[in-house]
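# Pasting the sequence and the predicted model now:
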Amino acid sequence: MFEIIFLAAVSLYFIQTVIFTIGLNKSLEKLPVKDLPFISVIVSARNEEDNILNCMTALDKLEYPEDRIEIIIVNDESEDETRNIIASYIKDKPKFVTIIPNKGEGHLKGKANAIDQAVKISKGEIILTTDADCLPNPQWVKTVVSYFSNDVAMVSGHTSQFERNSFEGMQSVDFIYLLSVAGGVMNLDKPMSCIGNNMSYRKSVYNEVGGYQSLKFSVTEDFALLMAIHKLGKYKIIHPTDPGMLVKSKPCKNIKSLYNQKKRWGVGGLQSELAGFTVMTLGWISNAGILLIPFFLSTESFYILLFKIATDYYFLNPVYRKLKMKLNLKHFLVFEIYFVIYVFVLPFIVLFNKKVSWKGREY
């Protein structure tokens, strides 16, 4: 009986993965880059003395006309040397601007408040956001802008992570996997997730939904904005699998910070629509079945497990190739173990405790 239920769950998981693949391979209009719009890149930095210099250096190398770009670095109440590092680096670079946000009003706080205040002073037609621990591709801005046809309001992209060992490698595979799932359904007009370190939107549409000031507070402010724009029902939201849009970020240093990251995402995911909960539920059932295999120890269940792993591999490998990356098999296998555990455990953690710790703040 177990094998039948497990097979049914993994079969549905396979069908779901095929749907993700169809979405990722959907043809997306890409405009010739002629009249480049003025754009604003926004980075919110809180206690990022170890990262902010590398991030600003990468942003300074973006291949975009100097008179068509501004880079706004928000020092979000940092208590370390972040402010001094920003001031020293940008003093002779006119395209950089730095601000310290005022205290947010009402529910507006944390990163959402920092970004909202940066958007208010921005001059760009298109807003791009990334994080202080990220290094965007030099072609990032130009590539992103090329996907903003007239009916597109938001464009999200893939983020990978540095992989110096298996702990970091599994996190990188996890990022690519989750963003590929999110991108697949997004391109089919069923957005369920995005990530703020590789996200862009029209300022006019941000203002149309009232910005973060008008949205209910969320620990995943990027997701809240995504869903608000989607609910307008007037614009396209897309996720190209384009190497020119790739951003690299630093992975979590240890289990504690990884736990806090996953919990924050889990709490934010409670605001998902039916499509998001369907994907999460099917993933949970499939991975719960894997954890039950030792109690049944049958040849059939072992073959079903291999089928599930193969499904993930043949979903991910083409994405890596499109992004001009190579999927490390060892890191992939470690990811499969890690993925089973956290997908099974996360709902229980979120169910019993929704308190989130992030960047020295509690929500």
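Thanks, I have the structure now.

# From now on I want contacts and neighbour counts done on CA atoms only, so please keep to that.
Noted.

# secondary structure element for T129?
If you go by DSSP states H and E, T129 is part of strand 126-131.

# mean confidence for that strand?
The average pLDDT within strand 126-131 is 97.

# Same question for stretch 103-110.
pLDDT averaged over stretch 103-110 equals 74, rounded to a whole number.

# sorry, back to before: for the strand holding T129, packing partners?
Strand 126-131 makes packing contacts with strand 39-45, strand 199-202 when contacts are defined by 3 or more CA pairs under 8 Å, 6 or more residues apart in numbering; DSSP states H and E.

# and those strands, which is most packed in?
Highest mean neighbour count among these (mean count of other CA atoms under 10 Å): strand 39-45, with a mean of 26.

# and it, which strands flank it?
Partners of strand 39-45 in the sheet, by DSSP bridges, are strand 69-75 (parallel), strand 126-131 (parallel).

# Of those, which is nearest Q117?
For these, proximity to Q117 was assessed by CA to CA; strand 69-75 is nearest, at 8.8 Å.

# Next secondary structure element downstream of that closest one?
Per DSSP H and E, the first helix or strand lying C-terminal to strand 69-75 is helix 82-90.

# Residues in contact with that next one: which ones?
45-49, 52-53, 56, 73, 75, 96-98 (CA atoms under 8 Å, 6 or more residues apart in numbering).

# of those residues, buried ones?
45-49, 52-53, 56, 73, 75, 96-98 (16 or more other CA atoms under 10 Å).

# Can you pick out the most distant pair from the residues you listed?
In these, two members sit farther apart than any others by CA to CA. They are N47 and F96, at 19.0 Å.

# for I52, what are its contacts?
Contacts of I52 were listed using CA under 8 Å, 6+ apart, and they are 45, 82, 85-86, 132-133.

# N353: neighbouring residues, count only.
Around N353 there are 10 other residues, counting by other CA atoms under 10 Å.

# I'd like to know how far it sits from K216.
According to CA to CA, to the nearest Å, N353 and K216 sit 20 Å apart.

# so A132 makes contact with I42?
No: A132 is not in contact with I42 according to CA atoms under 8 Å; the separation is 9.8 Å.

# still on that earlier bit, could you give the separation of the strand holding T129 from the chain centroid?
Distance of strand 126-131 from the chain centroid (CA atoms, centre = their mean, to the nearest Å) equals 12 Å.

# State the mean pLDDT of stretch 191-211.
Here stretch 191-211 scores 93 as its mean pLDDT.

# so who does the closest residue to K216 other than its chain neighbours touch?
Closest residue to K216 apart from its sequence neighbours, by CA to CA, 6 or more residues apart in numbering: H107 at 7.3 Å. When contacts are counted by CA under 8 Å, 6+ apart, H107 is found next to 213, 216-217.

# Looking at those residues, which are in helices?
When DSSP state H defines the helices, the subset of those inside them is Q213.

# Just the buried ones from the contacts of H107?
Among the contacts of H107, those that count as buried by neighbour count (16+ other CA under 10 Å) are 213, 217.

# got the contacts of H107 as JSON lines, with distance to N150 columns?
Formatted as JSON lines, those follow (distance: CA to CA, whole Å):
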{"residue": "Q213", "distance to N150": "26"}
{"residue": "K216", "distance to N150": "28"}
{"residue": "F217", "distance to N150": "29"}
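
# Which residue ranges of the stretch 1-150 of the chain form helices?
Ranges of helices in the stretch 1-150 of the chain, per DSSP state H, counting those that start in this stretch, are 2-24, 52-60, 82-90, 110-121, 140-146.
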